[in-house]
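Engineer: any chance you can model this:
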Amino acid sequence: MSRLEEVDLSARLSKREGKEQLEQAQRRLVHLRLLLGGQIGSGELGPPLCVLFEGWDASGKGGAIKRLVDHLDPRHVRVAQFAAPTFDEKRHHFLWRFWPVLPGWGGMAVLDRTWYGRVLVERVEGFATEEQWRRAYGEIVDLETTLAAEGMILVKFWMHVSPEEQLRRFESRRDDPYRGWKLTDEDWRNREKRPAYEAAVEEMLERTDSPAGRWHVVPGDDKRWARVAVVRTVCEVVEAALVARGLDPDPPLSAATG
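Structural biologist: Sure, this is the predicted structure:
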(Lines give C-alpha, C1' and ligand atoms only; values in the text may rest on other atoms or scores of the structure.)
Protein backbone atom coordinates (compact mmCIF):
# COMPACT_ATOMS: atom_id res chain seq x y z
CA MET A 1 0.00 0.00 0.00
CA SER A 2 1.31 3.47 -0.91
CA ARG A 3 1.85 6.25 1.61
CA LEU A 4 -1.18 8.18 0.35
CA GLU A 5 -3.40 5.10 0.40
CA GLU A 6 -2.57 4.61 4.08
CA VAL A 7 -4.05 7.99 5.04
CA ASP A 8 -7.35 7.81 6.90
CA LEU A 9 -9.41 10.51 5.21
CA SER A 10 -12.42 9.73 7.40
CA ALA A 11 -10.86 11.51 10.42
CA ARG A 12 -13.32 14.08 11.76
CA LEU A 13 -13.75 16.55 14.59
CA SER A 14 -17.00 18.17 15.68
CA LYS A 15 -17.17 21.95 15.70
CA ARG A 16 -16.81 22.03 19.49
CA GLU A 17 -13.96 19.52 19.55
CA GLY A 18 -12.18 21.32 16.76
CA LYS A 19 -12.44 24.69 18.49
CA GLU A 20 -11.24 23.39 21.86
CA GLN A 21 -8.36 21.34 20.49
CA LEU A 22 -7.21 24.08 18.12
CA GLU A 23 -7.15 26.69 20.88
CA GLN A 24 -5.18 24.36 23.13
CA ALA A 25 -2.62 23.65 20.41
CA GLN A 26 -2.34 27.34 19.50
CA ARG A 27 -1.66 28.29 23.12
CA ARG A 28 1.10 25.71 23.26
CA LEU A 29 2.61 27.04 20.03
CA VAL A 30 2.65 30.59 21.39
CA HIS A 31 4.65 29.34 24.37
CA LEU A 32 7.13 27.47 22.17
CA ARG A 33 7.45 30.34 19.74
CA LEU A 34 8.23 32.84 22.51
CA LEU A 35 10.76 30.40 23.90
CA LEU A 36 12.50 29.99 20.54
CA GLY A 37 12.48 33.76 20.08
CA GLY A 38 14.12 34.38 23.43
CA GLN A 39 11.10 36.23 24.80
CA ILE A 40 10.63 33.87 27.75
CA GLY A 41 12.96 31.52 29.56
CA SER A 42 16.69 32.25 29.57
CA GLY A 43 16.41 34.88 26.86
CA GLU A 44 18.75 33.01 24.52
CA LEU A 45 17.66 32.58 20.93
CA GLY A 46 16.49 29.11 20.07
CA PRO A 47 16.94 27.23 16.79
CA PRO A 48 15.22 28.53 13.65
CA LEU A 49 11.89 26.96 12.75
CA CYS A 50 10.80 26.46 9.15
CA VAL A 51 7.42 24.92 8.28
CA LEU A 52 6.91 23.75 4.69
CA PHE A 53 3.49 23.23 3.09
CA GLU A 54 2.74 21.23 -0.03
CA GLY A 55 -0.52 19.61 -1.02
CA TRP A 56 -3.28 19.22 -3.56
CA ASP A 57 -5.05 22.29 -4.91
CA ALA A 58 -7.85 23.21 -2.44
CA SER A 59 -6.37 20.89 0.19
CA GLY A 60 -6.56 23.53 2.92
CA LYS A 61 -3.00 24.84 2.98
CA GLY A 62 -4.09 28.46 3.35
CA GLY A 63 -6.54 27.74 6.15
CA ALA A 64 -3.99 25.63 8.01
CA ILE A 65 -1.33 28.32 7.69
CA LYS A 66 -3.77 30.95 8.96
CA ARG A 67 -4.50 28.90 12.09
CA LEU A 68 -0.82 28.13 12.56
CA VAL A 69 0.24 31.78 12.73
CA ASP A 70 -3.03 33.33 13.93
CA HIS A 71 -1.99 33.67 17.57
CA LEU A 72 1.65 34.56 16.87
CA ASP A 73 3.03 38.08 16.86
CA PRO A 74 3.56 38.95 13.16
CA ARG A 75 6.99 40.28 14.08
CA HIS A 76 7.98 36.76 15.09
CA VAL A 77 6.97 34.82 11.97
CA ARG A 78 7.26 35.25 8.21
CA VAL A 79 4.84 33.64 5.76
CA ALA A 80 6.13 33.36 2.19
CA GLN A 81 4.20 32.11 -0.81
CA PHE A 82 5.89 30.73 -3.91
CA ALA A 83 4.29 30.49 -7.32
CA ALA A 84 5.94 29.74 -10.66
CA PRO A 85 9.48 31.15 -10.83
CA THR A 86 9.92 34.47 -12.59
CA PHE A 87 12.10 34.98 -15.64
CA ASP A 88 14.95 36.24 -13.46
CA GLU A 89 14.57 33.39 -10.96
CA LYS A 90 14.85 30.88 -13.79
CA ARG A 91 18.33 32.23 -14.51
CA HIS A 92 19.52 30.76 -11.21
CA HIS A 93 19.62 27.34 -9.59
CA PHE A 94 16.08 26.38 -8.55
CA LEU A 95 16.91 26.59 -4.83
CA TRP A 96 18.28 30.14 -5.08
CA ARG A 97 14.98 31.96 -4.68
CA PHE A 98 14.18 30.30 -1.35
CA TRP A 99 17.28 31.37 0.56
CA PRO A 100 16.19 34.95 1.40
CA VAL A 101 13.11 33.80 3.37
CA LEU A 102 14.79 31.10 5.46
CA PRO A 103 14.77 31.99 9.17
CA GLY A 104 17.82 32.62 11.30
CA TRP A 105 18.25 31.73 14.96
CA GLY A 106 15.22 32.80 16.94
CA GLY A 107 13.18 33.14 13.74
CA MET A 108 10.28 31.30 12.17
CA ALA A 109 9.17 31.04 8.54
CA VAL A 110 6.22 29.32 6.91
CA LEU A 111 6.52 28.46 3.21
CA ASP A 112 3.34 28.07 1.15
CA ARG A 113 4.73 25.93 -1.68
CA THR A 114 8.41 25.15 -1.61
CA TRP A 115 11.44 23.76 -3.42
CA TYR A 116 9.44 20.56 -3.83
CA GLY A 117 7.79 22.14 -6.83
CA ARG A 118 10.81 20.88 -8.76
CA VAL A 119 9.77 17.25 -8.29
CA LEU A 120 6.02 17.90 -8.45
CA VAL A 121 4.58 20.47 -10.88
CA GLU A 122 7.86 21.01 -12.75
CA ARG A 123 8.21 17.26 -13.21
CA VAL A 124 4.62 16.58 -14.25
CA GLU A 125 4.22 19.64 -16.48
CA GLY A 126 7.62 19.26 -18.13
CA PHE A 127 9.01 22.57 -16.83
CA ALA A 128 12.15 20.72 -15.73
CA THR A 129 13.99 18.09 -17.72
CA GLU A 130 14.02 14.54 -16.42
CA GLU A 131 17.68 14.89 -15.57
CA GLN A 132 16.95 18.05 -13.59
CA TRP A 133 14.07 16.74 -11.49
CA ARG A 134 15.76 13.41 -10.84
CA ARG A 135 18.88 15.23 -9.63
CA ALA A 136 16.72 17.47 -7.42
CA TYR A 137 15.92 14.76 -4.86
CA GLY A 138 19.54 14.60 -3.75
CA GLU A 139 19.94 18.38 -3.93
CA ILE A 140 16.91 18.91 -1.70
CA VAL A 141 17.98 16.34 0.87
CA ASP A 142 21.47 17.87 0.90
CA LEU A 143 19.99 21.33 1.47
CA GLU A 144 17.74 20.18 4.31
CA THR A 145 20.56 18.16 5.87
CA THR A 146 22.79 21.25 5.81
CA LEU A 147 20.07 23.43 7.35
CA ALA A 148 19.38 20.85 10.07
CA ALA A 149 23.09 20.53 10.81
CA GLU A 150 23.14 24.27 11.42
CA GLY A 151 20.29 23.86 13.89
CA MET A 152 17.13 24.47 11.87
CA ILE A 153 13.94 22.63 12.82
CA LEU A 154 12.14 21.59 9.62
CA VAL A 155 8.49 20.51 9.62
CA LYS A 156 7.16 19.30 6.26
CA PHE A 157 3.46 18.83 5.48
CA TRP A 158 1.67 17.22 2.56
CA MET A 159 -2.01 18.21 2.77
CA HIS A 160 -3.99 15.30 1.38
CA VAL A 161 -7.61 15.30 0.18
CA SER A 162 -9.67 12.81 -1.78
CA PRO A 163 -10.60 13.55 -5.41
CA GLU A 164 -14.25 13.76 -4.35
CA GLU A 165 -13.61 16.35 -1.65
CA GLN A 166 -11.35 18.34 -3.95
CA LEU A 167 -14.11 18.48 -6.59
CA ARG A 168 -16.63 19.63 -3.98
CA ARG A 169 -14.31 22.47 -2.95
CA PHE A 170 -13.62 23.42 -6.56
CA GLU A 171 -17.34 23.68 -7.28
CA SER A 172 -17.92 25.66 -4.08
CA ARG A 173 -15.25 28.16 -5.08
CA ARG A 174 -16.56 28.37 -8.62
CA ASP A 175 -20.03 29.32 -7.35
CA ASP A 176 -18.81 31.91 -4.82
CA PRO A 177 -17.95 35.35 -6.28
CA TYR A 178 -15.78 36.14 -3.24
CA ARG A 179 -13.73 32.96 -3.56
CA GLY A 180 -13.81 32.37 -7.29
CA TRP A 181 -10.40 34.00 -7.68
CA LYS A 182 -8.90 31.00 -5.88
CA LEU A 183 -9.88 28.68 -8.72
CA THR A 184 -8.04 28.80 -12.04
CA ASP A 185 -8.15 26.90 -15.31
CA GLU A 186 -4.81 25.43 -14.30
CA ASP A 187 -6.41 23.91 -11.19
CA TRP A 188 -8.89 22.04 -13.38
CA ARG A 189 -6.11 20.88 -15.72
CA ASN A 190 -4.02 19.64 -12.79
CA ARG A 191 -6.99 17.68 -11.51
CA GLU A 192 -7.12 15.77 -14.78
CA LYS A 193 -3.48 14.76 -14.24
CA ARG A 194 -3.99 13.46 -10.70
CA PRO A 195 -2.52 9.97 -11.41
CA ALA A 196 0.72 11.56 -12.65
CA TYR A 197 0.82 13.86 -9.63
CA GLU A 198 0.13 10.96 -7.26
CA ALA A 199 3.13 9.12 -8.68
CA ALA A 200 5.26 12.24 -8.21
CA VAL A 201 4.04 12.72 -4.63
CA GLU A 202 4.73 9.12 -3.69
CA GLU A 203 8.29 9.30 -5.03
CA MET A 204 8.84 12.64 -3.28
CA LEU A 205 7.67 11.22 0.06
CA GLU A 206 9.86 8.15 -0.34
CA ARG A 207 13.04 9.86 -1.49
CA THR A 208 13.05 13.03 0.61
CA ASP A 209 11.86 11.73 3.98
CA SER A 210 15.11 12.00 5.91
CA PRO A 211 16.33 12.57 9.49
CA ALA A 212 16.74 16.25 8.58
CA GLY A 213 13.05 16.61 7.73
CA ARG A 214 10.31 14.03 8.05
CA TRP A 215 7.12 14.22 6.01
CA HIS A 216 3.78 14.55 7.79
CA VAL A 217 0.88 13.57 5.54
CA VAL A 218 -2.23 15.28 6.90
CA PRO A 219 -5.74 13.98 6.12
CA GLY A 220 -7.52 17.08 4.89
CA ASP A 221 -11.07 16.06 3.98
CA ASP A 222 -12.17 17.51 7.32
CA LYS A 223 -10.68 20.99 7.68
CA ARG A 224 -11.06 21.11 11.45
CA TRP A 225 -9.15 17.87 11.90
CA ALA A 226 -6.40 18.99 9.51
CA ARG A 227 -5.89 22.37 11.18
CA VAL A 228 -5.58 20.84 14.63
CA ALA A 229 -3.20 18.20 13.28
CA VAL A 230 -0.94 20.83 11.71
CA VAL A 231 -0.59 23.03 14.81
CA ARG A 232 -0.25 20.05 17.11
CA THR A 233 2.42 18.45 14.91
CA VAL A 234 4.50 21.61 14.80
CA CYS A 235 4.39 21.75 18.60
CA GLU A 236 5.40 18.12 18.92
CA VAL A 237 8.33 18.46 16.50
CA VAL A 238 9.60 21.60 18.24
CA GLU A 239 9.30 19.99 21.68
CA ALA A 240 11.21 16.90 20.52
CA ALA A 241 13.92 19.05 18.90
CA LEU A 242 14.41 21.08 22.07
CA VAL A 243 14.67 17.97 24.23
CA ALA A 244 17.16 16.42 21.78
CA ARG A 245 19.31 19.55 22.19
CA GLY A 246 19.17 19.26 25.95
CA LEU A 247 16.82 22.25 26.26
CA ASP A 248 13.77 22.48 28.50
CA PRO A 249 10.55 23.17 26.54
CA ASP A 250 8.89 24.32 29.76
CA PRO A 251 11.34 26.57 31.62
CA PRO A 252 10.23 29.05 34.31
CA LEU A 253 7.98 31.63 32.66
CA SER A 254 9.71 34.78 33.91
CA ALA A 255 10.00 37.26 31.04
CA ALA A 256 13.40 37.42 29.38
CA THR A 257 15.46 40.51 30.05
CA GLY A 258 18.39 42.19 28.41
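Engineer: for the residue lying closest to L36 once chain neighbours are set aside, give me the pLDDT.
Structural biologist: Distances taken as C-beta to C-beta, 6 or more residues apart in numbering put G46 closest to L36, at 3.6 Å, once the chain neighbours are dropped. The C-beta positions use only the backbone N, C-alpha and C, and glycine is treated the same way. G46 carries a pLDDT value of 96.
Engineer: in this structure, which spans are strands?
Structural biologist: Residue ranges of the strands in the chain, as given by DSSP state E, are 49-55, 78-81, 108-112, 153-160, 215-219.
Engineer: at which residues are the helices of the stretch 1-150 of the chain located?
Structural biologist: Taking DSSP state H, counting those that start in this stretch to define them, one finds helices in the stretch 1-150 of the chain at 15-36, 61-69, 121-124, 130-149.
Engineer: so which of those helices is nearest H160?
Structural biologist: helix 61-69 (11.1 Å; C-beta to C-beta).
Engineer: any idea how far W158 is from G60?
Structural biologist: G60 sits 12 Å away from W158, taking C-beta to C-beta, to the nearest Å as the criterion.
Engineer: show me the contacts for W225.
Structural biologist: Applying C-beta atoms under 8 Å, 6 or more residues apart in numbering, we find W225 in contact with A11, R12, L13, G18, P219.
Engineer: pretty sure the fourth one sits against A229.
Structural biologist: Right, the one you point to is G18. No: G18 is beyond contact range of A229, at 10.7 Å (criterion: C-beta atoms under 8 Å).
Engineer: can you find the helix or strand in the protein with the smallest mean pLDDT?
Structural biologist: helix 185-192 (a mean of 84; mean pLDDT, DSSP states H and E).
Engineer: so which elements touch that one?
Structural biologist: helix 163-174 (3 or more C-beta pairs under 8 Å, 6 or more residues apart in numbering; DSSP states H and E).
Engineer: what helices or strands is the helix it packs on leaning on?
Structural biologist: helix 185-192.
Engineer: other residues contacting the helix it packs on?
Structural biologist: D57, A58, V121, P163, Q166, L167, F170, Y197.
Engineer: redo that, cut-off 7 Å
Structural biologist: D57, Q166, F170, Y197 (C-beta atoms under 7 Å, 6 or more residues apart in numbering).
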